[in-house]
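1. Task: produce atomic coordinates for the following.
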Amino acid sequence: MATTTQALPDSGLKRNVGFIGLIWASTGSIIGSGWLFGSQEALKTAGPSAIISWVIGGVAILVLALVHAELGGMFPIAGGTARFPHIAFGGIAGASFGWFSWLQSVTVAPIEVEAMIKYAQHWEFAHPWLHTTTVNGETQQLLTGAGIAVAVVLMAVVTVINMLSVRILANTNSAATWWKVAIPLLVIIVLAFSGFHGSNFTAADGFMPQGAKGILAAVSTSGIIFAFLGFEQADQLAGEAKNPRRDIPRAVIGSVLIGLVIYLLLQIVFLGALRSDAIQGAWATADFTKYTGPFADIAMAAGITWLAVIIFIDAIISPAGTGLIYVTATSRISYGLSRNGYFPKAFEWTTKQGVPWVGLIVAFVVGCACFAPFPSWQGLVSLITSASVLMYAGAPLALGAFRKRIPEIERPYRMPAATVLSPIAFIVANLIILWTGWDTDWKLGVAILIGAVVIILNNVFRGASSVRPRWDWKAAQWLLPYLIGMGLIVFLSDFGPLTNPVFPLWIDIVVVAVFSLVIYYWAINSASPREEILRTAEDVRDVEESGVVEPVHH
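-> Now for the predicted structure:
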């Protein structure tokens, strides 16, 4: 097939990003505000057994990363995550999963900005930016009017950097990521050798205060999965990679392994470094839960002031670097969706440097709008986690379809045991949605409906276009039952609102697994015929090669 044997397309985006830029794009996205708050939040939810939660989360994401590694090598196209289902299942599924991808990406930068402002509370000048309140019995710090203004300015800064060029962006992010990796490693080493208390692992109300439910809930709701989000950024930049077939699989897998090691060690040293007076009572309500800068507060309590200063500096650099790359990814996703015919053509307009500037501006506006309904870091984490894994769920379905329909196509990286691991990856994604809980998932359902309206209106008013979506209802016949079915399972489960759930813990996991397998095999057997997949892949390639973009003066 042409997409695997001919030269890589020049799409108007510039292929300037090498392996280091790709792996640092993914690693830089993984190591953001998650390391600053994830250990604290997980410990509140699961106690010391949060260590198990991190292992579960890391393994789950690694399985999904293996899927993305094969797909990214097969189809090195801009905004790849949003476009794999488009090739496999046509317009209906492609538009839906593309919307999930854009929704997840556009809301990450606001979270990182909120993290920066929260850690800045160490300085007196930042105190007016947040106010403390109680939401559903939990103390939270919310943005004030002044805080929202500061947040908008920070969003503007990362947007302007993105406007410069992808080469400058990659270099900026690579430099920031070296710092972002080094500082957590420094924290791990210093805290491990400056008063590690092994007795903390059985202190307060025990190692596993909430049992298995607490361990599983922490995976989704405490920022663990959120912390690993971003491994797919190498896929999103595939249209700008120098050697995507070689570098993308290595970047995707390598970034997850780096993140897993760092986060697991951070959780261990965070737990061991806590003083006894900070963990009296129960893990969920102990004094450490009130820390606004968890690791910095521990360092200051231990008298390691210099380390606290470095952490406060990193609390600016790490979230800023992650926000930077996610604004980039959002514009590339919208660029890819427009190339597929799902978003308006304006999202294909690029500057002379090859930057999709309309997508950047929209990402900035939508990101700023998030500060009003979600003025706290905690407020957005669960929603983004659920949206992200819903986006990731499209990848194993696409992989299964490609293995069935086009098995002979060149794959620079072949996921081992794909017939087993691919459906497992789909089950894993759906389990994370289950563990996120009904309070979050129903809001995701509303966001899905908004996306449907946007895509329908674009199809009505888009007009003449070089690409018309292939609205293949037959290939996507499983999609609506999947979305509705998952919603019902979550509602009826132990993670739903019912006092006496129909599916108690463990039974709900079995139900999700069985349901996922039914949807998985239904989907891959309903996928577009071989000829349609090849034609769609060829269309994507032709559009990439055409370089058809509007003049920059629009």
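2. Can you show me the strands along this structure?
-> 130-135, 138-143 (DSSP state E).
3. max-length helix in the chain?
-> In the chain, assigned by DSSP state H, the helix with the most residues is helix 305-340.
4. May I see the buried residues of it?
-> Within helix 305-340, the residues scored as buried using 16 or more other Cβ atoms under 10 Å are 307-308, 310-312, 314-315, 317-340. C-beta coordinates here come from the backbone N, C-alpha and C atoms, glycine included.
5. do stretch 433-450 as well
-> Residues I433, L434, W435, T436, G437, W438, T440, D441, L444, A447, I448 are the ones in stretch 433-450 that count as buried (16+ other Cβ under 10 Å).
6. which residue packs closest to the last one, ignoring adjacent ones?
-> I take that to be I448. In space, and not counting its chain neighbours, I448 is closest to L483: 6.9 Å by Cβ to Cβ, 6 or more residues apart in numbering.
7. residues near F97, how many?
-> Using other Cβ atoms under 10 Å as the criterion, F97 is surrounded by 28 other residues.
8. Just list the residues touching the closest residue to A425 other than its chain neighbours, thanks.
-> In space, and not counting its chain neighbours, A425 is closest to P396: 4.1 Å by Cβ to Cβ, 6+ apart. Contact analysis of P396 by Cβ atoms under 8 Å, 6 or more residues apart in numbering lists L64, V67, S422, P423, A425, F426, A429, Y520.
9. nearest to F374, of those residues?
-> Minimum distance to F374 across the contacts of P396 is 23.1 Å, recorded for A429 (Cβ to Cβ).
10. Backbone torsions only: list them for the residue nearest in space to the middle of the chain.
-> For the chain, the residue nearest the mean C-alpha position is L229 (3.3 Å; Cα atoms, centre = their mean). The phi and psi values for L229, taken as degrees, to the nearest 10, are phi -60, psi 140.
11. can you pull the contacts of it?
-> L229 makes contact with S29, I30, G34, Q104, V108, I384, T385, S388, according to Cβ under 8 Å, 6+ apart.
12. By neighbours, which of these wins?
-> Counting neighbours by other Cβ under 10 Å, the top entry in those is S29, with 33 neighbours.
13. That one contacts Q233, doesn't it?
-> Yes: using Cβ atoms under 8 Å, S29 makes contact with Q233 at a distance of 4.8 Å.
14. on that earlier part again, can you tell me which of the contacts of P396 are in helices?
-> Using DSSP H, those in helices are L64, V67, S422, P423, A425, F426, A429, Y520.
15. For the last one, give me its contacts.
-> Contact partners of Y520, counting by Cβ under 8 Å, 6+ apart, are P396, L397, G400, S422, P423, F426, I427.
16. need those in TSV with pLDDT, can you?
-> Shown next, in TSV, are those (pLDDT from 0 to 100):
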residue	pLDDT
P396	94
L397	95
G400	95
S422	94
P423	95
F426	95
I427	95
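17. any chance of those in CSV, plus distance to E531?
-> Output for these, formatted as CSV (distance: Cβ to Cβ, whole Å):
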residue, distance to E531
P396, 23
L397, 19
G400, 18
S422, 23
P423, 25
F426, 25
I427, 30
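18. Just the buried ones among those residues, please.
-> The neighbour-count criterion (16+ other Cβ under 10 Å) marks P396, L397, G400, S422, P423, F426, I427 among those as buried.
19. Assess the claim that N430 and G394 are in contact.
-> No: contact criterion Cβ under 8 Å: N430 and G394 do not qualify, at 12.0 Å.
20. In terms of packing, which of the two has more residues around it?
-> G394 (30 against 25).
21. so what pLDDT did that one get?
-> pLDDT for G394: 89.
22. can you pull the contacts of it?
-> By Cβ under 8 Å, 6+ apart, the contact list for G394 reads T81, F84, P85, A93, F97, F100.
23. what does F503 give?
-> Shown in contact with F503 (Cβ under 8 Å, 6+ apart): I489, L492, S493, D494, V511.
24. top of those residues by neighbour count?
-> Within the contacts of F503, most neighbours by other Cβ under 10 Å means S493, with 24 neighbours.
25. Return the distance of E532 relative to D472.
-> 7 Å (Cβ to Cβ, to the nearest Å).
26. who touches both of those two?
-> Between them, E532 and D472 share the contacting residues G90, judged by Cβ under 8 Å, 6+ apart.
27. Which one's more surrounded, the two?
-> D472 (22 against 18).
28. Of the contacts of F503, which belong to helices?
-> Among the contacts of F503, the residues falling in helices (DSSP H) are I489, L492, V511.
29. Now tabulate the residues you listed in CSV and tack on pLDDT.
-> Below are these laid out as CSV (pLDDT from 0 to 100):
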residue, pLDDT
I489, 96
L492, 96
V511, 97
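30. Just put the contacts of P396 in JSON lines and tack on distance to C368.
-> What follows is the contacts of P396, written out as JSON lines (distance: Cβ to Cβ, whole Å):
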{"residue": "L64", "distance to C368": "30"}
{"residue": "V67", "distance to C368": "33"}
{"residue": "S422", "distance to C368": "38"}
{"residue": "P423", "distance to C368": "40"}
{"residue": "A425", "distance to C368": "34"}
{"residue": "F426", "distance to C368": "34"}
{"residue": "A429", "distance to C368": "30"}
{"residue": "Y520", "distance to C368": "38"}
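31. If we only consider those residues, which is nearest to Y119?
-> Among the contacts of P396, L64 lies closest to Y119 (Cβ to Cβ), at 29.3 Å.
32. got the contact list for I31?
-> By Cβ under 8 Å, 6+ apart, the residues touching I31 are T177, K180, V181, P184, G259, I262, S318, T322.
33. And the pLDDT at the fourth one?
-> Looking back up the chat, that one is P184. Predicted confidence (pLDDT) at P184: the value is 91.
34. Quick one: residues contacting it.
-> P184 makes contact with I31, W35, I262, L266, according to Cβ under 8 Å, 6+ apart.
35. Now F495. Nearest residue, chain neighbours left out?
-> Take F495 and drop its neighbours on the chain: the residue closest to it by Cβ to Cβ, 6+ apart is G437, 4.5 Å away.
36. Which phi and psi values does the one you found adopt?
-> When read as degrees, to the nearest 10, the backbone of G437 gives phi 100, psi 160.
37. Spit out the contact partners of it.
-> Counting by Cβ under 8 Å, 6+ apart, G437 has contacts A217, S220, T221, S382, V490, F495, G496.
38. Among the residues you listed, show me the least confident.
-> Ranking the contacts of G437 by pLDDT, S382 lands last with 73.
39. Can you report how many residues lie near the closest residue to G223 other than its chain neighbours?
-> Excluding the flanking residues, the one nearest G223 by Cβ to Cβ, 6+ apart is G38, at 4.4 Å. G38: 29 surrounding residues under other Cβ under 10 Å.
40. Nice, that's everything, thank you.
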